[in-house]
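# here is a sequence with its predicted model. Questions after.
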Amino acid sequence: MTAIALTIAGSDSGGGAGVQADLKTFSALGVYGASVITALTAQNTLGVSAIHDVPPEFVRAQMDAVLGDIKVNTVKIGMLSRPEVIRAVADGLDAHAVQTIVLDPVMVAASGDPLLVPEAVAVLIDDLVPRALVITPNLPEAARMLKTDIADSRDAMRGQANALLQLGARAVLLKGGHGSGRESVDLLATHGGETWFSAPRHETRNTHGTGCTLSSAIAAGLARGLALTEAVGAAKAYVTAAIRAADRLSIGAGHGPVHH
Ligand code: PLP
């Protein structure tokens, strides 16, 4: 059986993040990838210069086309941009009874440009968080979802991961890459317990696409039949290697992409 994953996300014309990073990750991990594009970004390593939103009906048409034909094992969700698109995606997931969803609550690009309008955060929490098998916020995204400060210790991370579980998520991978300290520490919290993942921090400005790559790698592992904790561990190893190899690439003058 071919393992198949679908990414529902935005396009990054610079090729470093978004759907482009997702498909590279699926491919590198031996998973066939399909894509539903929610927004086009005019973007390079320096930043996002324009966003062209895809009409919600057309997002749904893409979902119907893919899910009506191709037997998708896992869906990864990234940039959604607007509340109308979130609602269209939630309806489409229900209509096709999609079971295994990795939700990356993308809010800003590595350049700092916004990728989700502020009023969409509440819709994301109401409409998509309860449908997800796992959500993968970084520290700033978790703080925005919970309307609180950015976690600055393991105890604070544990508290925020549990608060996110209370929002209806079945599992939360709270990513500590934006924190300080010599280790980059992530916490996977489920209703049954917690697992910490740690990797030595590697200093590079070339981290564009890190979040997309991690969530796609989790989706790929799940599509290949791994259990969640194994899929997260393998995904963390993949993204750590991609960050370590990033400086071998020479792409653009800003935040370059990680190396797949
Ligand atoms: N999705 C799109 C379309 C993007 O352009 C970006 C960042 O630029 C992201 C998601 C999030 O990127 P990252 O993986 O760096 O968090």
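Received, thanks.
# what does the stretch 151-260 of the chain put close to the ligand?
H208, G209, T210, G211, C212 (C-beta under 6 Å from any ligand atom). Quick note: C-beta positions are derived from backbone N, CA and C, even for glycine.
# so which one of these is the model least confident about?
Within these, pLDDT reaches its minimum at H208, with 84.
# quick one on the thing from earlier: okay if I get the residues of the stretch 151-260 of the chain next to the ligand as JSON lines plus neighbour count and secondary structure?
As requested, those are exported to JSON lines (neighbours: other C-beta atoms under 10 Å; DSSP: H, G, I helix; E, B strand; the rest coil):
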{"residue": "H208", "neighbour count": "29", "secondary structure": "strand"}
{"residue": "G209", "neighbour count": "32", "secondary structure": "coil"}
{"residue": "T210", "neighbour count": "24", "secondary structure": "helix"}
{"residue": "G211", "neighbour count": "25", "secondary structure": "helix"}
{"residue": "C212", "neighbour count": "31", "secondary structure": "helix"}
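# what would the residues you listed look like in a markdown table with distance to K71?
Conversion of those to a markdown table gives the following (distance: C-beta to C-beta, whole Å):
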| residue | distance to K71 |
| --- | --- |
| H208 | 32 |
| G209 | 27 |
| T210 | 29 |
| G211 | 27 |
| C212 | 24 |
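# and S49, helix, strand or coil?
Following DSSP: H, G, I helix; E, B strand; the rest coil, S49 is assigned to strand.
# contact partners for it?
A42, Q43 (C-beta atoms under 8 Å, 6 or more residues apart in numbering).
# element containing A161, please.
With elements taken from DSSP states H and E, the one containing A161 is helix 154-166.
# so for that helix, mean pLDDT?
Model confidence over helix 154-166, given as mean pLDDT, is 96.
# nearest spatial neighbour of V48, skipping sequence neighbours?
Nearest residue to V48 in three dimensions, chain neighbours excluded: D113, at 3.9 Å (C-beta to C-beta, 6 or more residues apart in numbering).
# pLDDT value on the one you found, please?
We have a pLDDT of 85 for D113.
# ok, it to G168 distance?
As for D113, its distance to G168 is 29 Å (criterion: C-beta to C-beta, to the nearest Å).
# and the contacts of stretch 131-139?
Outside of stretch 131-139, the residues that reach it under the criterion C-beta under 8 Å, 6+ apart are 77, 90, 93-94, 99-105, 129, 145, 150-151, 157, 164, 169-179, 188, 211, 214-215, 218, 222, 228, 232.
# which among those end up buried?
Buried residues within the contacts of stretch 131-139, counting neighbours by 16 or more other C-beta atoms under 10 Å: 77, 90, 93, 100-105, 129, 145, 151, 157, 164, 169-177, 179, 188, 211, 214-215, 218, 222, 228, 232.
# so which of those belong to helices?
Taking DSSP state H, the ones among these that sit in helices are A90, L93, M145, M157, L164, G211, L214, S215, I218, L222, L228, V232.
# looking at the residues you listed, spot the one nearest E183.
The shortest separation between E183 and any of these is 12.5 Å, and it belongs to M157 (by C-beta to C-beta).
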